[in-house]
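Novice: How does the following fold in three dimensions:
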Amino acid sequence: MKVYLLLAMYLIGASVHSAFGQDIATALQPDQERGTGMVLTLDEVMMRARSHSVDAEVALNQLRSSYWAYRSYRAELLPEMTFTGTVPSYRKQYSPYMNDAGSYSFVPNNYLQMNGEVSVAQNIWLTGGKVAVNTSLDFYRQLGEGAFNRYMSIPVAITLSQPIFGVNNIKWDRKIEPVRYEEAKAQFLSASEDVAHTAINYYFSLLMAKENHMIALQNLDNASRLYEVAKEKREMGRISQNDLLQMELNLLNAKSDLTDCESNLKSNMFQLCTFLDYDSNTMIEPEIPLDVPDVEINYADALEKALANNKFAKTMLRAQLEADYEVAKAKGAQREISLFAQIGYTGTNHDFAGSYHNLRDNQVVEIGFEIPILDWGRRKGQVKVAESNRKLVESQVRQENMNFSQNIFILVERYGNQLRQLQTAKRADEIAQQRYATNVETYLIGKISTLDLNDSRVKKDEARREYVNELYLFWSYYYQIRSLTLWNFEKNCGIDADFEKIL
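Specialist: Model (predicted):
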């Protein structure tokens, strides 16, 4: 009767403990608190990570840097208005002067000078030159004995600066910079998905630590009750002293495991709180994400979306364009010829108004060139180096394409297999839990040995950990594919962002 009474007490305790475990896994509303803990789902953790983590802040700052670099490039294509001036320039000094006989003497010079110029310049992207419209005024006042004023005006002048045979930097910038900015936007989106993936790692580490802690608590509770039953059975002579010692050893091991699990739980809790920018004393209660996206992903579709959306394709295109640009610069440097031309009007007088009357032509035409006669093949060598680097980039692009496609293929295959693995692990967990509960009852009535009971407990714990691990692998593969393809397979739409609002 004593054995049956103990058995009844054990079953009641196990039932209460099982109900408590089910309550932990029950899905609760966001931000609901239990004790000192805050319940957060996986989706909430990822959302928090995208907006509050340091990784998300780094990605945003990188995007902003690229955005302003792109804005600077766009500004170079627009007219630029500048005002330059010297107000004033005063000098009182002696200057050398050569007389008619060829001898030098020093004469005093005391004057005040001011000048100003307004210019509107526009880069010509088609030719790589620059055209500008200028207007300027110079004022000169001779001081001292016989002081006088002098004005010189250029009401309007048109200036053209044009490199000939050289590389057109503006044209190449028009090819490269938009690709670079699109690459930066794709990088930001991928980084956002990578932040979510990092959040998944921390979340499931905490979840696994939580499960291990719950398992340790349950095992300690079971070991305590089994040890009490074993002592009663030993007094009745129903089990050997060796079995009693084994039950006591199980109890000690359960206490030790619980201590380790508590330390690991605190460590993982601290890591997740730090990553999410919560106070270090915050207690987070993770939930097992029972609902997983049931979507099929095939390799061809994933590869197509990755090549269209991922920064990889844009990075490869930019690398190829930059290699072509370096070749063009090296070839353009073999001979340098530049044209400078200015046409306008100018006038001079002793008063301000008079300097704008009786205007005269003001024309300047200059053609400068630098053509190497003997440079020992230096410029030719620079061209060959640039061409060799371009071929190297082409080879690297092909290699990166192969690696990129292979990585997507492996991830898609693993993802496709993972859903089946997850279903198997879930069922194995349910069976292991039922088997252990049955073996405990069977052990209490003396029909199985201690070794059989321990084996079922170990299998139960392993099945639970395996189920959580399979869940983690599923979400990990899924978000890795999202990061590469920038595609939301649940909603069947691309992953995008309101960049104007973000920036």
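Novice: Now stretch 484-498: average pLDDT?
Specialist: Averaging pLDDT along stretch 484-498 gives 91.
Novice: what's the first-to-last distance across that stretch?
Specialist: Using C-alpha to C-alpha, to the nearest Å, the end-to-end distance of stretch 484-498 comes out at 20 Å.
Novice: Tyr477 is in contact with Leu411, correct?
Specialist: Yes - under the criterion of C-beta atoms under 8 Å, Leu411 makes contact with Tyr477 at 5.8 Å. Quick note: C-beta positions are derived from backbone N, CA and C, even for glycine.
Novice: In three-state terms, how would the most centrally placed residue in the chain be classified?
Specialist: When C-alpha atoms, centre = their mean is applied to the chain, the residue found nearest the centroid is Ala191 (3.5 Å). Assigned state for Ala191: helix (three-state reduction, DSSP: H, G, I helix; E, B strand; the rest coil).
Novice: any idea how far Asn168 is from Leu126?
Specialist: According to C-beta to C-beta, to the nearest Å, Leu126 and Asn168 sit 8 Å apart.
Novice: same check, this time on Phe204
Specialist: Between Phe204 and Asn168 the computed distance is 53 Å (C-beta to C-beta).
Novice: more crowded one of these two?
Specialist: Phe204 (23 against 17; other C-beta atoms under 10 Å).
Novice: The more buried one touches Val468, doesn't it?
Specialist: Yes - using C-beta under 8 Å, Phe204 makes contact with Val468 at a distance of 6.9 Å.
Novice: so where is the protein shaky, pLDDT-wise?
Specialist: Residues of the chain meeting the criterion pLDDT under 70: 1-37, 369-371.
Novice: all strands for it, in order.
Specialist: For the chain, strands defined by DSSP state E occupy the ranges 33-34, 37-40, 80-98, 104-124, 129-142, 148-164, 283-286, 336-349, 360-370, 487-488, 493-494.
Novice: which helices and strands does the second one pack with?
Specialist: Spelled out, that is strand 37-40. Secondary-structure packing of strand 37-40 (3 or more C-beta pairs under 8 Å, 6 or more residues apart in numbering; DSSP states H and E): strand 283-286.
Novice: Contacts for stretch 327-344, please.
Specialist: Contacts with stretch 327-344, where a contact means C-beta atoms under 8 Å, 6 or more residues apart in numbering, come from 129, 134, 154-167, 172, 361-372, 379-380, 382-383, 385-387, 390.
Novice: Now list the buried members of those.
Specialist: Listed as buried from the contacts of stretch 327-344 are 129, 134, 154-155, 157, 159-164, 166-167, 172, 382-383, 386, 390; burial here means 16 or more other C-beta atoms under 10 Å.
Novice: Same list, the strands of the chain, but as TSV with distance to Glu232 please.
Specialist: As requested, the strands of the chain are exported to TSV (distance: least, C-beta to C-beta, whole Å):
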stretch	distance to Glu232
strand 33-34	36
strand 37-40	37
strand 80-98	95
strand 104-124	95
strand 129-142	99
strand 148-164	100
strand 283-286	37
strand 336-349	102
strand 360-370	104
strand 487-488	60
strand 493-494	65
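Novice: So for Ala196, which of the ones you listed sits nearest?
Specialist: strand 487-488 (11.8 Å; C-beta to C-beta).
Novice: Check which helices and strands that closest one sits against.
Specialist: With contacts taken as 3+ C-beta pairs under 8 Å, 6+ apart, strand 487-488 sits against helix 299-309, strand 493-494.
Novice: right, so the ones you listed: which one is the most enclosed?
Specialist: The highest mean neighbour count among the helices and strands packed on strand 487-488, using mean count of other C-beta atoms under 10 Å, belongs to helix 299-309: a mean of 16.
Novice: who does that one touch, helix- and strand-wise?
Specialist: Looks like helix 299-309 contacts helix 311-332, helix 378-444, helix 450-485, strand 487-488 (3+ C-beta pairs under 8 Å, 6+ apart).
Novice: Name the residues that touch that helix?
Specialist: When contacts are defined by C-beta under 8 Å, 6+ apart, helix 299-309 is touched by residues 186, 189, 312-313, 404-405, 408-409, 411-413, 481, 484-487, 494-495.
Novice: Narrow these to those that are buried.
Specialist: 186, 189, 312-313, 404, 408, 411-412, 481, 484-487, 495.
Novice: follow-up on the earlier one: chain neighbours aside, what residue packs nearest to the residue nearest to the centre of the chain?
Specialist: Nearest in space to Ala191, with sequence neighbours left out and distances taken as C-beta to C-beta, 6 or more residues apart in numbering, is Ala59 at 3.7 Å.
Novice: How about Gly446?
Specialist: Sequence neighbours aside, Arg238 is the residue nearest to Gly446 in space, at 6.3 Å (criterion: C-beta to C-beta, 6+ apart).
Novice: neighbours of Glu235, just the number please.
Specialist: Residues lying near Glu235 (other C-beta under 10 Å) number 11.
Novice: residues in contact with the residue nearest to Gln480 when sequence neighbours are not counted?
Specialist: Of all residues not flanking Gln480 in the chain, Leu411 sits nearest, at 5.5 Å (C-beta to C-beta, 6+ apart). Contact analysis of Leu411 by C-beta under 8 Å, 6+ apart lists 302, 477, 480-481, 484.
Novice: In JSON lines: those residues, plus distance to Gln113.
Specialist: Shown next, in JSON lines, are the contacts of Leu411 (distance: C-beta to C-beta, whole Å):
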{"residue": "Ala302", "distance to Gln113": "70"}
{"residue": "Tyr477", "distance to Gln113": "74"}
{"residue": "Gln480", "distance to Gln113": "68"}
{"residue": "Ile481", "distance to Gln113": "70"}
{"residue": "Leu484", "distance to Gln113": "65"}
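Novice: ok, of the residues you listed, which one's closest to Asp55?
Specialist: Closest to Asp55, out of all of the contacts of Leu411 and judged by C-beta to C-beta, is Gln480, at 15.6 Å.
Novice: if I read this right, that closest one contacts His197, doesn't it?
Specialist: Yes - with contact defined as C-beta under 8 Å, Gln480 counts as touching His197 (6.3 Å).
Novice: ok so, going back, any chance of CSV for the helices and strands packed on helix 299-309, columns distance to Val45?
Specialist: Listed next are the helices and strands packed on helix 299-309 as CSV, based on distance: least, C-beta to C-beta, whole Å:
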stretch, distance to Val45
helix 311-332, 25
helix 378-444, 20
helix 450-485, 11
strand 487-488, 18
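Novice: And those: which comes nearest Pro96?
Specialist: Across the helices and strands packed on helix 299-309, closest to Pro96 is helix 378-444 (C-beta to C-beta), at 41.0 Å.
Novice: chain center to that closest one, what's the gap?
Specialist: Distance, stretch centre to chain centre, for helix 378-444: 20 Å (C-alpha atoms, centre = their mean, to the nearest Å).
Novice: ok, now stretch 47-58?
Specialist: Centroid displacement of stretch 47-58 relative to its chain, using C-alpha atoms, centre = their mean, is 10 Å.
Novice: Can you give the domain ranges for the chain?
Specialist: Domain ranges of the chain: 2-67+175-317+395-502, 81-124+129-166+336-371, per automatic domain parsing.
Novice: Dump these into JSON lines; add distance to Ala330 as well.
Specialist: Formatted as JSON lines, the domains of the chain follow (distance: least, C-beta to C-beta, whole Å):
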{"stretch": "domain 2-67+175-317+395-502", "distance to Ala330": "16"}
{"stretch": "domain 81-124+129-166+336-371", "distance to Ala330": "11"}
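Novice: if you compare these, which one is most tucked away?
Specialist: Sort the domains of the chain by mean neighbour count, taking mean count of other C-beta under 10 Å, and domain 2-67+175-317+395-502 sits at the top with a mean of 16.
Novice: Compare the strands of the chain and report which one is nearest to Lys266.
Specialist: Closest to Lys266 of the strands of the chain, according to C-beta to C-beta: strand 283-286, at 9.9 Å.
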